[in-house]
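> The following block contains a protein sequence and its predicted model.
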Amino acid sequence: MTQPTDIRRVPGSPPTIVALCAGYGGLEAAIRARIGGQVAAYAENDPHAATVFAHRHPEVPNLGDIRNVDWDQVRDVYRPDVIGAGFPCRNTSNAGRRDGINGQWSRVWKNVAQAVGHLRPRLVFLENVAALRSRGLDVVAADLATLGYDVRWTCVRAGDPEVGAPHERDRWFAVAHPADADPHQLGRHWRPRHQPETQGRVEPAHRSDPPAGTPSRRLRLLPTPKASDGPHGGPNQRDTSGRYYLPGQAVRLDERWVSTDGTDYGPAIHRWEHITGRAAPCPTEPGRLGKPRLSPAFVEWMMGLPGGWVTAVPGIPRKEQLKILGNGVVPRQAHHAYGWLLGTATARPSLGVAA
């Protein structure tokens, strides 16, 4: 039986965060920007992704493979207030196997749920592909309910005007909390000092797209970066509709960001340049025999990361850089989604609730 959470015992100091399936740390960057706090430990078993996280956070220990962690020891040592987890999407993604959350990789969710049950954090921040709604959301919500947690979720596209990235990247975000706690109160107590307090309310789950003809609908967005762009990406690969994946589209852009098929990506590129304050790097670099190929630095920019966040870390091959980036999180996208879920942002995506 779970113990009630006394919401009045909100820590006076910033929250302690444990990052699971941490990747390059994009989700944790969004969480810290939204509620403050410090990452006390992380779990990442991909050696190259772990190298990036360790390079950027050298003082933070890696718990290793999430399937082998002693959570009682983690609880006793770190006393985390918050868990962040962008658990694997390979079995839930439209670009992956599509066999659902019980597949070989995505069933790591069960290990995340186990961590929640042992650590009893005040907030749990989750991220996955939007397709999780039909390939495992029922399992996630049921597991959290069994642990005594309510969950609120939303789907946000990176290319939505509130985020502004030059690619669609439709993702599912969720915040879970003990059923007897108010996540809005936690969000207000842990809000960074520079962030004003705003009010929000949860709406019924639905999808609301901007009407045709609005500026956000007119912008042509680049293909979403994928983990497979590194190991398997090629200039001639296309999706089922015949559209080139990012490695193919990148080599077909001219200096005005217009593709050889006449698609003008310039407005989307320039919008992101304005938002990030950083000019877009060249989308390609010389490959074998001097032929152009997708540049990891361009993908890094598309994800909204500081220049060199992944690409300047020593010892990571290009294919692994692209894999890490394709598996990662756009921090601005997660920050926007979590802000609304916590009631600390005013722009409203469509939401869902499970208790």
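Right, received. Where do you want to start?
> Bridge partners for the closest residue to Ala54 other than its chain neighbours, pull those for me.
Using CB to CB, 6 or more residues apart in numbering and skipping the chain neighbours, the partner closest in space to Ala54 is Asn62 (6.6 Å). C-beta: built from backbone N, CA, C; applies to glycine. On the basis of DSSP bridges, Asn62 is bridged to Tyr42.
> Let me see the confidence value for Asn62.
Asn62 is assigned 98 on the pLDDT scale.
> Kindly report the same for His194.
Predicted confidence (pLDDT) for His194: 46.
> go on, Ala130?
93.
> swap in Ala297?
So, for Ala297, pLDDT stands at 98.
> what about it, neighbour count?
When neighbours are counted by other CB atoms under 10 Å, Ala297 registers 21.
> Would you map out the domains in this structure?
16-209+331-354, 215-326 (automatic domain parsing).
> so of the ones you listed, which one's packed in deepest?
Among those, ranked by average contacts under mean count of other CB atoms under 10 Å, first place goes to domain 16-209+331-354 (a mean of 20).
> where among the domains of the chain is the average confidence lowest?
domain 16-209+331-354 (a mean of 84).
> and the helix or strand where His274 lies, what does it pack onto?
For His274, the element it lies in under DSSP states H and E is helix 266-276. Counting contacts by 3 or more CB pairs under 8 Å, 6 or more residues apart in numbering; DSSP states H and E, helix 266-276 packs against helix 296-302.
> What helices and strands are in contact with the helix it packs on?
By 3+ CB pairs under 8 Å, 6+ apart, helix 296-302 packs against helix 266-276, helix 318-326.
> can I get the CA coordinates of the helix or strand harbouring Val139 in PDB?
Under the criterion of DSSP H and E, Val139 resides in helix 137-146. Coordinates of the C-alpha atoms in helix 137-146 are reproduced here as PDB (Å, rounded to 0.1, in the frame of the first residue of the first chain):
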ATOM      1  CA  LEU A 137      -0.100   4.500 -23.100                       C
ATOM      2  CA  ASP A 138      -2.700   2.200 -21.500                       C
ATOM      3  CA  VAL A 139       0.100   0.200 -20.000                       C
ATOM      4  CA  VAL A 140       2.000   3.300 -18.800                       C
ATOM      5  CA  ALA A 141      -1.100   4.800 -17.200                       C
ATOM      6  CA  ALA A 142      -2.100   1.500 -15.600                       C
ATOM      7  CA  ASP A 143       1.300   0.800 -14.100                       C
ATOM      8  CA  LEU A 144       1.500   4.300 -12.700                       C
ATOM      9  CA  ALA A 145      -2.000   4.000 -11.200                       C
ATOM     10  CA  THR A 146      -1.000   0.800  -9.500                       C
END
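> That one: what's the following helix or strand?
Remark: after helix 137-146, the chain's next helix or strand is strand 149-157, criterion DSSP H and E.
> Okay, now the sheet partners of that following strand, with direction.
strand 170-178 (antiparallel), strand 351-354 (antiparallel).
> any idea of the angle it forms with helix 137-146?
Interaxial angle of strand 149-157 relative to helix 137-146 (axes from the mean of the first three to the mean of the last three CA atoms, to 10 degrees): 150 degrees.
> Now do strand 149-157: distance to the chain's middle.
13 Å (CA atoms, centre = their mean, to the nearest Å).
> what does stretch 52-60 give?
Worked out by CA atoms, centre = their mean, stretch 52-60 lies 18 Å from the chain centre.
> who wins for proximity to Gly290 among the helices and strands packed on helix 296-302?
Closest to Gly290 of those is helix 318-326 (CB to CB; 15.3 Å).
> Show me what the closest one packs onto, helices and strands only.
helix 47-56, helix 296-302.
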